[in-house]
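Asker: this one's sequence-less:
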């Protein structure tokens, strides 16, 4: 693959839209290539190594700047008075808080789960509370609503503000990626959380530049490795789920071709 693909994973002129089938096919192809290579693969080119180093250096500079901003924000927060008296503890405030905080990425939040952490509240009552909160949000012209369906409950942007959300993030279905970026996104989606080194082993080339841009596009995010805190692991975001119309990661398509990559290590 050329160095340009490592630098420019987003193909704005592409006609193909992302789909679950395309994502799973890309992952299956990565696995087949690993099996065919059987350990006899060529190393990355000098150009790819240089491009990836520049991308990592840029990422490290961004992290230093982000740390400085976070430190300043923490100092300002510490100067604020600690006053929780304006938030009474009620079933409504508990449900609202749970929905705002959410659950780990890739997991589904249901009315049954919410009811399980509340005393003497049934899933049906949770849904009733959600309806009551929605009525309140409409009266207050709030920017959010609670979406409730048969198997999930979540906080979403109000329908009349969806256009602003699209302007900020870009329309989900207008996202176009190069094949290289789709391959990398597929590896992360099916193997998350995963380190850059593990992705590079699967792709047999530097991937840092593409990973950084996928993070900037809010399709991937990073978390600290619990065993090695200084090492970053990559995983998909809520926007990734929205993009593919998934409620949770378990809804990713599975087939005999999409198997665990450990089989090829």
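Answerer: Arrived safely, thanks for sending. None of these values were measured; they are calculated from a predicted model.

Asker: and for residue 113, the neighbour number?
Answerer: 16 (other CB atoms under 10 Å). Any C-beta I mention is one placed from the backbone N, CA and C, and that applies to glycine too.

Asker: ok, and the closest non-adjacent residue to it?
Answerer: residue 103 (7.8 Å; CB to CB, 6 or more residues apart in numbering).

Asker: can you verify the one you found is assigned to a strand?
Answerer: No. Secondary structure assignment places residue 103 outside any strand; it is coil (DSSP: H, G, I helix; E, B strand; the rest coil).

Asker: state the phi and psi torsions of the closest residue to residue 156 other than its chain neighbours.
Answerer: Counting by CB to CB, 6+ apart, residue 156 lies nearest to residue 147, which is 4.7 Å off, once chain neighbours are set aside. Phi and psi for residue 147, reported as degrees, to the nearest 10, are phi -100, psi 120.

Asker: could you list everything residue 147 pairs with in the sheet?
Answerer: residue 154 (DSSP bridges).

Asker: quick one: average pLDDT of the helix or strand hosting residue 115?
Answerer: Per DSSP states H and E, residue 115 falls inside helix 111-116. For helix 111-116, mean pLDDT rounds to 89.

Asker: and that helix, which residues are buried?
Answerer: 111, 113, 114, 115 (16 or more other CB atoms under 10 Å).

Asker: still on that earlier bit, return the per-residue confidence for the residue nearest to residue 156.
Answerer: 89.

Asker: just checking, it touches residue 154?
Answerer: Yes. Counting by CB atoms under 8 Å, residue 147 does reach residue 154; the two are 5.5 Å apart.

Asker: low pLDDT regions in the stretch 51-200 of the chain?
Answerer: The model of the stretch 51-200 of the chain has pLDDT under 70 over residues 51-86, 104-106, 165-175.

Asker: which residue ranges of it form helices?
Answerer: Taking DSSP state H, counting those that start in this stretch as the criterion, the stretch 51-200 of the chain carries its helices at 91-101, 111-116, 123-139, 162-169, 179-191, 196-203.

Asker: nearest to residue 25, out of those?
Answerer: Each of the helices of the stretch 51-200 of the chain has some distance to residue 25 by CB to CB; the shortest is helix 179-191, at 8.3 Å.

Asker: tell me what angle the closest one forms with helix 196-203.
Answerer: 120 degrees (axes from the mean of the first three to the mean of the last three CA atoms, to 10 degrees).

Asker: helix 179-191 packs against which elements?
Answerer: helix 3-7, helix 20-37, helix 196-203, helix 208-216, strand 232-236 (3 or more CB pairs under 8 Å, 6 or more residues apart in numbering; DSSP states H and E).

Asker: correct me, but the residue nearest to residue 113 touches residue 110?
Answerer: No. Taking CB under 8 Å as the definition, residue 103 is not a contact partner of residue 110, at 9.7 Å.

Asker: go ahead and confirm residue 182 touches residue 26.
Answerer: Yes. Shown here, residue 182 and residue 26 form a contact pair, counting by CB under 8 Å, at 4.8 Å.

Asker: now stretch 154-163: buried residues?
Answerer: Buried-residue list, stretch 154-163, by 16+ other CB under 10 Å: 154, 155, 158.
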